[in-house]
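**Q** A predicted structure for the sequence below; I have some questions about it.
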Protein chains: 2
Amino acid sequence: MVAGSGDDAAITAPRGASVISVDMAIEGVHFRRETAPPEAIGTKALAAALSDLAAMGAAAGEAYVQLGLPDDVSAAECLEIADGMARVARENGVEVLGGDLSRAPVLILAVTAVGHAPSPEALVRRSGARAGDVVCVTGRLGGAAAGLRLLESPELAEGLESAVADELRSRQLRPQPRLAAGRSLAHAGATAMIDISDGLVGDARHVAEASGVRLVIDAGATPIAAGVEAVAEAAGIETLQLAAAGGEDYELLVTLPEGALESAAEALAADGLPLSRLGQVETGERVAILGESGHEIDAEGFDHLSGRPNPARPS
Amino acid sequence: MVAGSGDDAAITAPRGASVISVDMAIEGVHFRRETAPPEAIGTKALAAALSDLAAMGAAAGEAYVQLGLPDDVSAAECLEIADGMARVARENGVEVLGGDLSRAPVLILAVTAVGHAPSPEALVRRSGARAGDVVCVTGRLGGAAAGLRLLESPELAEGLESAVADELRSRQLRPQPRLAAGRSLAHAGATAMIDISDGLVGDARHVAEASGVRLVIDAGATPIAAGVEAVAEAAGIETLQLAAAGGEDYELLVTLPEGALESAAEALAADGLPLSRLGQVETGERVAILGESGHEIDAEGFDHLSGRPNPARPS
């Protein structure tokens, strides 16, 4: 940073390549104040923007925040939002350089995150997956979607250990941008990468389309977060509806040459993060999800019929 | 640009210094759809963000747009918004590299604008005004505030030539970011600069505070846009309430060493833009507005009592 806020714009002196991501969180569309505490709203807005940088293999640099505040947000709540952002910024080595405040009819957070890399070639795009690559995912999936179910329907937590339920809610409210993992995967030779915000199936489709390839994913290989099966059972839905279509886990879906897999997994293991092999890249198009029998599940229909609770339509 | 949208984030390879500005326009707070056509809403949102870059003396580079769309915005209106942005981008040599769309309860436009300069030292901040500098402003003031009055109360235009009224409404709806002027002023040796978004008095105060100086401004030297006096008279207010407190003209308020004034004015004249000398920088603090008699007008009170129509509280 050269100059922070206080001027019309912030000044930086970047070297190499810059990566810019913009992300907007709108009350009633992306979150509800009934289920998300102010600190978590700030946390998630910044974390989601940083996750986009992670998915490029960039190092996080600066962030700019625009807050739209309705009259019924108190000064204390506003400070809690800022505290949530400040914590994420601190944990990820990000400087919040500027932004502005405005009145608004609902709570709005628009975040611009800037990342850096030594060169444009050091960054990983969605378009580089090649037939023969393996498809992998970091961490475990379904936690954010299961956490959302618990927030919307607290009775679903009845059979769960409270620590497990807390962890699931936390995956929904306070996602962790996988910045270190993104850089490790880029360094290990990732050919394509995306963060799982829409859901495994939807985001795999983005990679397949951008790369002009077919992604074949073994449903049984999906790493499931602890407690997700129990929540799915309590909610009367399939586990994969939370784990493969639920979204917002902010884990990284990555394609790698087979030979790069071992060193990539080792680099992530050093940070305590598993890397699971889900399938492979083939010539063709679309995403194929293979069920237990090895037959293809209709991923399109599965995705659309997932029954994922959509916070865009608050009940 | 290295890579545009389609990835999680856009990639650029900046050299020298980068300047980043974020700006949010919210329906009912910053604009009303009753008085601003969709194309103008897009135009103004991007122009306001670029104006911040102009005020730093930066060259405009890239922009990122986040649109929040309520259900009652039609696809045609959405395209008109995009057309307005595209026109401003084209006119100012800006590439719109990315962004996203979201549902929203009201129309929201959050713009991130990135500018460039050869080095951080080539940029002009608010904090460099020194005693002895002259205070100048580009263009003519009051047009945007008068235009807003005409949009809110069309009967005020009765005594005006229609071309003059159109120009005033256009100053409100489609401001011109002064990018070329900003670079010329920076090159000529500007010591401090700010764009007039809050109003001459308010923005002069920002410079005085950031620079730790006193700005003395001769009210009679304020360059007034054509038609502003007539609108003020029809509305029963003082012309200076529109020209000095009205805001949104997006002209540049600049401080310069006395010796730099002539070359600065010549550079702007080449682009057809006047540079008016308003007063000087002195040691001290605050902004002093001098009236006809040479006595100080209470600028603080004048500003607060300006009677400026506030779009934040739609009637």
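**A** Received, thanks.

**Q** Quick one: the strands in chain A, in order.
**A** A:10-12, A:17-26, A:59-69, A:95-103, A:108-117, A:134-138, A:192-195, A:214-218, A:252-256, A:275-282, A:287-290, A:296-297 (DSSP state E).

**Q** need those in CSV with distance to chain B, can you?
**A** Quick note: C-beta positions are derived from backbone N, CA and C, even for glycine. Converted to CSV, these look like this (distance: least, C-beta to the nearest C-beta, whole Å):
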stretch, distance to chain B
strand A:10-12, 5
strand A:17-26, 4
strand A:59-69, 4
strand A:95-103, 5
strand A:108-117, 4
strand A:134-138, 15
strand A:192-195, 6
strand A:214-218, 17
strand A:252-256, 10
strand A:275-282, 18
strand A:287-290, 17
strand A:296-297, 26
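
**Q** Quick one, which of those gets closest to B:Asp218.
**A** Nearest to B:Asp218 among those is strand A:95-103; the distance by C-beta to C-beta comes to 31.1 Å.

**Q** Name the stretch from the strands of chain A where average model confidence is lowest.
**A** Ranked by mean pLDDT, those bottom out at strand A:10-12, which scores a mean of 75.

**Q** So which elements touch it?
**A** Packing contacts for strand A:10-12, counted by 3 or more C-beta pairs under 8 Å, 6 or more residues apart in numbering or on different chains; DSSP states H and E, involve strand A:59-69, strand A:95-103, strand B:17-26.

**Q** just these: most buried one?
**A** For those, the largest average neighbour count (mean count of other C-beta atoms under 10 Å in any protein chain shown) is found in strand B:17-26, namely a mean of 26.

**Q** Kindly format the C-alpha coordinates of that strand as CSV.
**A** This file holds the C-alpha atoms of strand B:17-26, laid out as CSV (Å, rounded to 0.1, in the frame of the first residue of the first chain):
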residue,chain,number,x,y,z
ALA,B,17,0.9,2.9,-9.6
SER,B,18,-2.7,1.7,-9.5
VAL,B,19,-5.5,3.7,-8.2
ILE,B,20,-8.7,2.1,-7.1
SER,B,21,-12.0,3.7,-6.4
VAL,B,22,-15.3,2.1,-5.3
ASP,B,23,-18.7,3.8,-5.7
MET,B,24,-22.2,2.6,-4.9
ALA,B,25,-25.4,4.1,-6.3
ILE,B,26,-28.6,2.9,-4.6
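
**Q** Partner strands of it, with direction?
**A** Using DSSP bridges, the strands paired with strand B:17-26 are strand A:10-12 (antiparallel), strand B:108-117 (antiparallel).

**Q** From the chain's centroid, how far away is that strand?
**A** 13 Å (C-alpha atoms, centre = their mean, to the nearest Å).

**Q** And stretch A:192-201, by the same measure?
**A** Relative to the centre of its chain, stretch A:192-201 is centred 7 Å away, using C-alpha atoms, centre = their mean.

**Q** do the same with stretch A:190-199
**A** 8 Å.

**Q** Contact partners for A:Ala104?
**A** Counting by C-beta atoms under 8 Å, 6 or more residues apart in numbering or on different chains, A:Ala104 makes contact with A:68-70, B:26, B:29, B:106, B:108.

**Q** was I right about A:Gln150 contacting A:Ala230?
**A** To be clear, residue A:150 is Leu; Gln isn't right here. No. With contact defined as C-beta atoms under 8 Å, A:Leu150 and A:Ala230 do not form a contacting pair (10.4 Å).

**Q** In terms of packing, which of these two has more residues around it?
**A** Using other C-beta atoms under 10 Å in any protein chain shown as the criterion, A:Leu150 and A:Ala230 rank with A:Leu150 on top: 23 against 20.

**Q** how near is the closest residue to that one other than its chain neighbours to B:Pro37?
**A** Using C-beta to C-beta, 6 or more residues apart in numbering or on different chains and skipping the chain neighbours, the partner closest in space to A:Leu150 is A:Ala157 (5.1 Å). For A:Ala157, the distance to B:Pro37 equals 50 Å [C-beta to C-beta, to the nearest Å].

**Q** Same check on A:Ala264?
**A** Using C-beta to C-beta, we find A:Ala264 at a distance of 52 Å from B:Pro37.

**Q** Same check on A:Ile217?
**A** For A:Ile217 relative to B:Pro37 (C-beta to C-beta), the value is 47 Å.

**Q** These two: who's more crowded?
**A** Per other C-beta under 10 Å, whichever of A:Ile217 and B:Pro37 has more neighbours is A:Ile217, with 23 against 15.

**Q** Number of residues surrounding the closest residue to that one other than its chain neighbours?
**A** Closest residue to A:Ile217 apart from its sequence neighbours, by C-beta to C-beta, 6+ apart: A:Gly279 at 4.2 Å. Taking other C-beta under 10 Å as the neighbour definition, A:Gly279 ends up with a count of 23.

**Q** In chain A, which residue is most central in space?
**A** Chain A has A:Tyr250 as the residue nearest its centroid, 1.8 Å off, counting by C-alpha atoms, centre = their mean.

**Q** Which pLDDT value goes with that one?
**A** At A:Tyr250, the model reports a pLDDT of 97.

**Q** Could you pull up phi and psi at it?
**A** Backbone torsions for A:Tyr250, taken as degrees, to the nearest 10, come to phi 60, psi 30.

**Q** show me what contacts it?
**A** So A:Tyr250 contacts A:47-48, A:51, A:144, A:175-178, A:195-197 (C-beta under 8 Å, 6+ apart).

**Q** which of the residues you listed has the weakest pLDDT?
**A** Comparing the contacts of A:Tyr250 by pLDDT, A:Ser197 comes last, at 93.

**Q** what about it, how many neighbours?
**A** Residues lying near A:Ser197 (other C-beta under 10 Å) number 21.

**Q** Isn't A:Arg149 up against A:Gly236?
**A** No. Counting by C-beta under 8 Å, A:Arg149 sits too far from A:Gly236 to count as a contact (10.8 Å).

**Q** Mind splitting chain A into its structural domains?
**A** Segmentation of chain A into domains, based on automatic domain parsing, reads A:17-122, A:134-304.

**Q** per-residue confidence for A:Pro305?
**A** Rather than Pro, residue A:305 is Leu. Predicted confidence (pLDDT) for A:Leu305: 38.

**Q** give me the number of residues near A:Glu161?
**A** Neighbours around A:Glu161, by other C-beta under 10 Å: 12.

**Q** Please apply the same query to A:Leu290.
**A** With other C-beta under 10 Å as criterion, A:Leu290 counts 17.

**Q** surely the residue nearest to A:Ile217 meets A:Val137?
**A** No. Assessed by C-beta under 8 Å, A:Gly279 is found out of contact with A:Val137, at 10.0 Å.

**Q** More neighbours: A:Arg149 and A:Gly236, which one.
**A** A:Arg149 (24 against 8).

**Q** The more buried one and A:Phe31, how far apart?
**A** A:Arg149 is 15 Å from A:Phe31, by C-beta to C-beta.

**Q** Alongside chain B, which residues does the stretch 51-200 of chain A contribute?
**A** A:51-53, A:55-56, A:58, A:62, A:64-66, A:68, A:97-100, A:102-106, A:108, A:110, A:112-115, A:119-120, A:123, A:125-127, A:194-195 (C-beta under 8 Å from any C-beta of the partner chain).

**Q** Can you give me the neighbour number for the nearest residue to A:Ala260 once chain neighbours are set aside?
**A** Take A:Ala260 and drop its neighbours on the chain: the residue closest to it by C-beta to C-beta, 6+ apart is A:Gly189, 4.0 Å away. Other residues near A:Gly189 number 15, with proximity taken as other C-beta under 10 Å.
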